[in-house]
Structure formats: structure tokens, C-alpha cells
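> With the input below, show me the fold.
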Amino acid sequence: MMTIEQIVALHKKNAATAFDLGEKALAGVEKLTELNLQTAKTLMAETAEHTQAVLGVKDMQDLVALQNAMLQPVGEKVAAYNRHVYDIASSLSAEFAKVAEAQAAEAQKQFVSALDSAVKNAPQGSEPAVAAVKNAVSTAAAAMESVQKAVKQATELAEANLKAVATTAVNATKSPRAAKA
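This next block holds a predicted model:
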């Protein structure tokens, strides 16, 4: 059984964790907002520049050449934007995963501690049952660790695939333009 002091300490720790996660989430939102504002500013400046260039076109060949020059970097810019969004999201996800892992480890530790306390007050002969519960907890912890490793590997694979797709997309936008030039 937990004492009042232990319960209060647990609530304080949980509140601190909640505020920490809230701050991390807000930092992620702030980064996304900054990225979107910068993207909007850049887009506005480029649109004004492109509008002036289009207004200065004298014939159809100049228009086609201008259009090709304007469209080529679009794929690169979209890929760069998506990489930034992905980096922000994956960083935030990693931060949350660290907190979740720490919470799970702490909960397991507290459960084993509570189990040890209960054993001290348990009747004689209950040791095999306690050992079985401890073994189940250890097995569950090992399974959780395996799942966490698998998730990390899947994330790394997804990141590698995302980079490959982005590179392919950027190269695809360059190739047709280069062939027409």
C-alpha cells in the first residue's frame, strides 16, 4: 500500500511529466509555425518575382523557357519542406517515446517494489507464485524492449525510404526539364 507521501510524490512527478510533454508539443508547433511562415514569405517573394518576369515576356518561346525555369525547383522545394516537417515530427515523436519508455521502466520498477513489499507480508509458501509473477513482468519487459527496437528499426527504414523517394522525386523533376533544354 502506498503512503500519502508516495501518492503526492507520484502526482507531482506525473504533473511535471505532463507539463514537460506540453512544452515539447508547443515547441513542435512553434517550429512548424515558423517553417510555414518562412515558406509563405518565400512563396510570396517568388510569386512577385515570377509575376514581374511573366509581365516582361515578349514571345511564346520566352514564356515556355521562363515556365520551365520556374517549375524546375518546385520539386526540390516541396521535398525540402516535407523533410523539414518530417524532421520536426520525428524529433517530437522521439522525445515522447523517451518519456514513455522512462515511464514504463519506472512503473515496472514500482510494481516489482510493491510486489517485494507484498511478499514480506505474504504467507509462507507463496514464493513460487511471486517468482512466477516476477518472471512474467521480466518477460513482458523484454517483449516491450523488443517491440521498441523493432519500432526504431522500422522508423530508420522509413526515414531511408523517405530520403530515397525524395531524391527520386527531385531527380524526376530535373530530368524532363534538362531533356527539353
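> Could you list the buried residues of stretch 47-58?
By neighbour count with 16 or more other Cβ atoms under 10 Å, stretch 47-58 contains no buried residues. Every residue, glycine included, has its C-beta placed from N, CA and C.
> what's the offset of it from the middle of its chain?
Here stretch 47-58 is found 40 Å from its chain centre; the criterion is Cα atoms, centre = their mean, to the nearest Å.
> And the contacts of that stretch?
Leu63, Leu66, Met70 (Cβ atoms under 8 Å, 6 or more residues apart in numbering).
> Give me the subset of the residues you listed that lies in helices.
Leu63, Leu66, Met70 (DSSP state H).
> how about JSON lines for those residues, with distance to Val29, pLDDT and neighbour count added?
What follows is the ones in helices among the contacts of stretch 47-58, written out as JSON lines (distance: Cβ to Cβ, whole Å; pLDDT from 0 to 100; neighbours: other Cβ atoms under 10 Å):
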{"residue": "Leu63", "distance to Val29": "41", "pLDDT": "91", "neighbour count": "13"}
{"residue": "Leu66", "distance to Val29": "38", "pLDDT": "91", "neighbour count": "15"}
{"residue": "Met70", "distance to Val29": "32", "pLDDT": "88", "neighbour count": "14"}
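> Just list the residues touching Arg39, thanks.
Actually, residue 39 is Thr rather than Arg. Residues near Thr39 by Cβ under 8 Å, 6+ apart: Tyr81.
> Could I get the pLDDT score of it?
If you check Thr39, the pLDDT there is 96.
> That one sits in which helix or strand?
helix 4-55 (DSSP states H and E).
> and if you look at Tyr81?
Per DSSP H and E: helix 60-121 holds Tyr81.
> what's that helix packed up against?
helix 4-55, helix 127-180 (3 or more Cβ pairs under 8 Å, 6 or more residues apart in numbering; DSSP states H and E).
> Give me the pLDDT value at the residue most central in space within the chain.
By Cα atoms, centre = their mean, the chain has its centre lying nearest to Ser90, at 1.9 Å. As predicted, Ser90 sits at a pLDDT of 88.
> my read: it touches Thr155, true?
Yes. With contact defined as Cβ atoms under 8 Å, Ser90 and Thr155 form a contacting pair (7.1 Å).
> any idea whether Gln124 is helix, strand or coil?
Secondary structure for Gln124, judged by DSSP: H, G, I helix; E, B strand; the rest coil, is coil.
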